[in-house]
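[1] Sequence first, then the predicted structure:
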Amino acid sequence: MNSKPSGAHSLVTQLLHDDTPSAPGFDAFPVAVARASTVVFPDLATMRDFRFEDDTQWRYGLHGTPTSRTLERRLAMIEGGKHALLQPSGLASISNVYFAFLRQGDDVLVPDNAYTPNRDHGDWLARDFGVSVRYYDPMIGAGIAALLQDNTRLVWVEAPGSVTMEVPDVPAIAAAAHAHGAGRERGVIVAIDNTYAAGLSFKPFEHGCDVSVQALTKYQSGASDVLMGATISNDAAIHGALKRARMRLGLGVSADDCSLLLRSLATLEIRYAAHERTALSLAAWLKLRPEIDCVLHPGLPDCAGHEHWRRDFTGAGGLFSVIFEPSYSAEQVDAFVEGLSLFKIGFSWGGAHSLAVPYRIGAMRTASEWPHSGQLVRFFIGLESEDDLRADLEQSLSTHLVQSPA
Ligand SMILES: *Cc1c(COP(=O)(O)O)cnc(C)c1O
């Protein structure tokens, strides 16, 4: 095909090398989607002068583009941190933390109520990679000092646990860990899974944490359509360790997904407040129902660690659990969950839709007694109308939990 309309180059070359600046003077609210693998250097000196530590330089799309860096900057801003890094899921962020800080022979402490895939990741490292992973009672507080060993390098906290809703004493755990690590060549890193708070209602760096993990899949996405995670930190050395591990693991995110998150971030705070309002109201209503033994909502006194929530948190979001009266069987409670119509059955949360999932907690714990014998159901309260959600709960309770408690 002959296509040489003008100039010295053929059409295909002209199309590839058209470098007319795009849209000078154009301004708009959305962050532009910068998709890139190759980043073009102006000359070899710039290419060779690249410094990995410098977050203002560009090297390769996997490590960051203007779109992903804008999202990272805003996430750090929300959390009160200085640095953020994106990973392709919340679990990838958790994995990034493990690989950034651990060496063979190190010891890790994980709360007994941790997000189950975090437990599984820890067990995998303990089985196949020569680290020791031990579980602790999430309500241990300053008592964690007794568990810290010479080789303890990483302490996880989750505030609150996303199913049992126990709110740990984060400042006490962090203070004990840091006191233990003080003066050592490699101190103790305190990493929090801060997904429940979305970075809004709990400020991890004011409470002694070194790294915060967000499953952006939840509230930050807000629409059940993006999988992503972030690690946020306040210290250049910690950020550098996370960044180097992220590069070695080959973790990157798409600019299109970042763009969806940037779009949702604008409404994060008002959505969180709306989830919280309806959730608190329905939790209080459930507490009065005869079928319910207790309501595990950090903002209500039944919940272990409620006093820590009152001291350290400024909000609650849409997640809570209930314990049914022990006279109801697992089958009856399952029937209640399946009898709901607006509440859907499914993992994850943080979107517009309400969800309900039964959990068998006893089987998940190895380091602490679970004090409840009744069945647990975790609710995520979406953005539906409160009256409609209450009516849905009411109809399924009265249809499926007819036997009056003993
Ligand atoms: C969902 C979740 C994660 C993991 O997020 P993904 O993006 O689904 O991998 C981590 N921690 C908590 C508490 C979560 O709820």
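    That came through fine. Numbers count the residues shown, from 1 in each chain.

[2] Every contact and neighbour count from this point should use C-alpha atoms.
    OK.

[3] quick one: contacts for the residue nearest to Gly229 when sequence neighbours are not counted?
    Closest residue in space to Gly229, ignoring its immediate chain neighbours: Gly90 at 4.0 Å, by Cα to Cα, 6 or more residues apart in numbering. Gly90 is in contact with Val213, Gln214, Ala215, Leu216, Thr217, Leu227, Met228, Gly229, Ala230, counting by Cα atoms under 8 Å, 6 or more residues apart in numbering.

[4] so which of those residues is the most crowded?
    In terms of neighbours by other Cα atoms under 10 Å, the contacts of Gly90 top out with Gln214 at 31 neighbours.

[5] how about the strands in the stretch 151-300 of the chain?
    Listed in chain order, the strands of the stretch 151-300 of the chain (DSSP state E, counting those that start in this stretch) span 152-158, 189-193, 211-215, 229-233, 292-296.

[6] Show me what the longest one is packed up against.
    Secondary-structure packing of strand 152-158 (3 or more Cα pairs under 8 Å, 6 or more residues apart in numbering; DSSP states H and E): strand 107-111, strand 189-193.

[7] That strand close to the ligand?
    No - Strand 152-158 does not reach the ligand (Cα under 6 Å from any ligand atom); its nearest approach is 7.2 Å.

[8] contacting residues around that strand?
    Contact with strand 152-158 is made by 101-102, 106-111, 113-114, 138, 167-168, 170, 177, 186-194, as judged by Cα under 8 Å, 6+ apart.

[9] Buried ones among those?
    101-102, 106-111, 113-114, 138, 167-168, 170, 177, 187-194 (16 or more other Cα atoms under 10 Å).

[10] What about the ligand: which of those residues touch it?
    Taking Cα under 6 Å from any ligand atom as the test, the ligand is in contact with Asp193 out of the buried ones among the contacts of strand 152-158.

[11] Leaving out chain neighbours, which residue sits closest to the closest residue to the ligand within the stretch 101-250 of the chain?
    Per Cα to the nearest ligand atom, Ala215 is where the stretch 101-250 of the chain lies closest to the ligand, at 4.3 Å. Spatially, and ignoring its direct neighbours in sequence, Ala215 is nearest to Gly90 (4.0 Å; Cα to Cα, 6+ apart).

[12] How about Glu72?
    Glu72 sits nearest to Ala84 (Cα to Cα, 6+ apart), 4.9 Å away.

[13] Ser233 is in contact with that neighbour, correct?
    Yes - using Cα atoms under 8 Å, Ala84 is in contact with Ser233, at 6.3 Å.

[14] Okay, the residue nearest to Ala215 and Leu319: tell me how far apart.
    Going from Gly90 to Leu319 by Cα to Cα, to the nearest Å gives 17 Å.

[15] Specify the local secondary structure of Met47.
    helix (DSSP: H, G, I helix; E, B strand; the rest coil).

[16] Excluding chain neighbours, give the residue nearest to it in space.
    Distances taken as Cα to Cα, 6+ apart put Phe41 closest to Met47, at 5.8 Å, once the chain neighbours are dropped.
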